[in-house]
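Provide a 3D model corresponding to the input given below.
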Amino acid sequence: MISNLNMNTIKQDICLPIWGNQTPRKWIQTRRHRFRAMKLRAAVVEKPENCTADELHYVTVPNTDWRLALWRYLPSSNAVNARNHPLLLLSGVGTNAIGYDLSPQTSFARHMSREGFDTWILEVRGAGFSMRGLESFQGLSKTGQSQVKDSSWNEKFIPMVGDIQRQLDLFLDSEWDFDQLLKEDLPLVVDYIKMQSNPQDGKLFAIGHSMGGILLYAALSLCGFEGRQSPFAAVTTLSSALDYSSSKSSLELLLPLADPAKALKITSIPIGALLATMQPLASRAPFLLSWLNSMISAQDMMLPEMFDKFTLKNFCTVPAKLLLQLATLFESSGLRDRSGTFYYKDHLHKTNVPILALAGDRDLICPPEAVYETIKVIPEDKITFKVFGEVGGPHYAHYDLVGGRFAAKKVCPCIIHFLSAHDKLDR
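All right, here's what the predicted structure looks like:
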């Protein structure tokens, strides 16, 4: 049980698909597929004030002490169209749910729920409200996701001591990699969402930003390699790629941190705490680290208060193991599994899931050429590719597709049009 937490615990057996090579346990036969039976322990909790979703759910990862947080935004009763598929949002590396819900006026998640989608944001292990062991929920609500206050400089911009302490605790004990997020966290929450939303065809939509999109590409690749049906009716990736080897991505500046961390036996990099410390140098005179701003958002694309909240409250601690695996993005043929023998891009051409791949013209982290290098292997009838940005502006950097001032007016309509075209149920 989670200590000091008012919750209703749901205990039941659900059918979880096997993602990747795992040792089979007990098997059961469904109408169409053979799945491994596992007990799912989950909870809908009384959410804290600084969780701006309609509901906060927890799902326990089997054989671990991790409880993954899911922010849920119920479809608006005023939506013009009823949707057949729920929508899962996946965030980038070392980020939490705040990026998808910065404010009532700048909320990607809330915009999609107003359009009729039952919208969920996953916070993977180590991010946001996700918890481990006997970690206190009240402690998280007061630290890791505290809201930006409109008062003095210290209150507004310097993160709380408790938040830094939690990141430092994770800094000393973070042992997970990309494959665990892909093969443990993602399939678990996919089945939980299907159980809660009950889509008639058993499928859902998914949108992934940055590493979230990488997770989706890798999941589709695994499905193709193993010859099984994907749980996704359609997928949208935002600023995501499986192969950065031919691009000049600034992400390469971060990945070398993994090697000294490995040599020094440091398990993780507290990126959230580091960014919070550097943020004043990037946003205030003499702007010594102003180059950080352009990596996140293009000029005039985010209001200053939204940019401050994003940089101070959205980032978490990143395990060195995760960075080491993501470093293979820059090697020939792109991202590999932890064994180093499976190349995720090699099997992406086998997917039969419609994909919308979006890129930003000023994205320094995932340039359009990196996105193209990935999507060119996908069958032409399954991929739609669009680069946002115009010669005279506006321009789109890495986060602007989600939280820029034109995201709701230009990016979201493009995504909604694509998802709506694939929202019909097979007869």
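
from here on, just use CA atoms for contacts and neighbour counts.
Noted.

near the residue nearest to G128 when sequence neighbours are not counted, how many other residues are there?
The shortest distance from G128 to any residue that is not its chain neighbour, by C-alpha to C-alpha, 6 or more residues apart in numbering, is 4.9 Å, and that residue is N96. Residue crowding around N96 was assessed by other C-alpha atoms under 10 Å; the count is 28.

if I look at N96, how far off is N84?
27 Å (C-alpha to C-alpha, to the nearest Å).

what about the helices in the stretch 101-250 of the chain?
With DSSP state H, counting those that start in this stretch as the definition, the stretch 101-250 of the chain shows helices at residue ranges 108-114, 137-142, 153-157, 161-172, 178-180, 186-197, 211-226.

rank the ones you listed by pLDDT, which is bottom?
Looking over those, mean pLDDT reaches its minimum on helix 153-157, with a mean of 41.

show me what contacts the spatially most central residue of the chain?
Nearest to the mean C-alpha position of the chain, by C-alpha atoms, centre = their mean, lies S91 at 2.0 Å. Contacts of S91 were listed using C-alpha atoms under 8 Å, 6 or more residues apart in numbering, and they are A97, G99, Y100, I121, L122, E123, G208, H209, S210, M211, G212.

go again with 7 Å.
Applying C-alpha atoms under 7 Å, 6 or more residues apart in numbering, one finds that S91 lies in contact with A97, G208, H209, S210, M211, G212.

got CSV for those residues, with distance to P319 and neighbour count too?
CSV is the format used below for the contacts of S91 (distance: C-alpha to C-alpha, whole Å; neighbours: other C-alpha atoms under 10 Å):
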residue, distance to P319, neighbour count
A97, 18, 30
G208, 20, 24
H209, 19, 26
S210, 17, 20
M211, 14, 23
G212, 16, 24
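
go through the residues you listed and name the one nearest F310.
Within these, the smallest distance to F310 is 10.4 Å, found for A97 (C-alpha to C-alpha).

contacts only, for the nearest residue to A397 once chain neighbours are set aside.
Once its chain neighbours are removed from consideration, A397 has its nearest residue in D363; the separation is 4.0 Å (C-alpha to C-alpha, 6+ apart). Contacts of D363 were listed using C-alpha under 7 Å, 6+ apart, and they are Y396, A397, H398.

element containing the second one, please.
Which is A397. Element membership of A397, judged by DSSP states H and E, is empty: it is in no helix or strand.

can you pull the phi/psi pair for it?
phi -90, psi -160 (degrees, to the nearest 10).

re earlier: gap between the residue nearest to G128 and C316?
N96 sits 7 Å away from C316, going by C-alpha to C-alpha.

overlap in contacts of these two?
Shared contacts of N96 and C316 (C-alpha under 7 Å, 6+ apart): A127.

what helix or strand does the residue nearest to A397 sit in?
Under the criterion DSSP H and E, no helix or strand holds D363.

so how far is L204 from it?
From D363 to L204 the distance is 28 Å (C-alpha to C-alpha).

span of stretch 230-246 from start to end?
Distance between the two ends of stretch 230-246: 29 Å, counting by C-alpha to C-alpha.

for that stretch, give me every contacting residue.
For stretch 230-246, contacts defined as C-alpha under 7 Å, 6+ apart pick out 203-211, 213-214, 220, 223, 329-335, 345, 353-360, 366, 370-371, 373-374, 398, 401, 419, 422.

switch the cut-off to 6 Å
203-210, 213-214, 223, 329-331, 334-335, 353-359, 366, 370-371, 374 (C-alpha atoms under 6 Å, 6 or more residues apart in numbering).

next one: it to chain centre, how far?
In terms of C-alpha atoms, centre = their mean, to the nearest Å, the gap separating the centre of stretch 230-246 from the centre of its chain is 12 Å.

please pull out the lowest mean pLDDT helix or strand from the chain.
Least confident helix or strand of the chain, by mean pLDDT, DSSP states H and E, is strand 27-29 with a mean of 31.

any chance you could map the strands in the stretch 251-400 of the chain?
Applying DSSP state E, counting those that start in this stretch to the stretch 251-400 of the chain gives strands spanning 268-269, 318-319, 355-360, 383-388.

between the third one and helix 211-226, how many degrees?
Between strand 355-360 and helix 211-226, the angle formed by their directions is 150 degrees, by axes from the mean of the first three to the mean of the last three C-alpha atoms, to 10 degrees.
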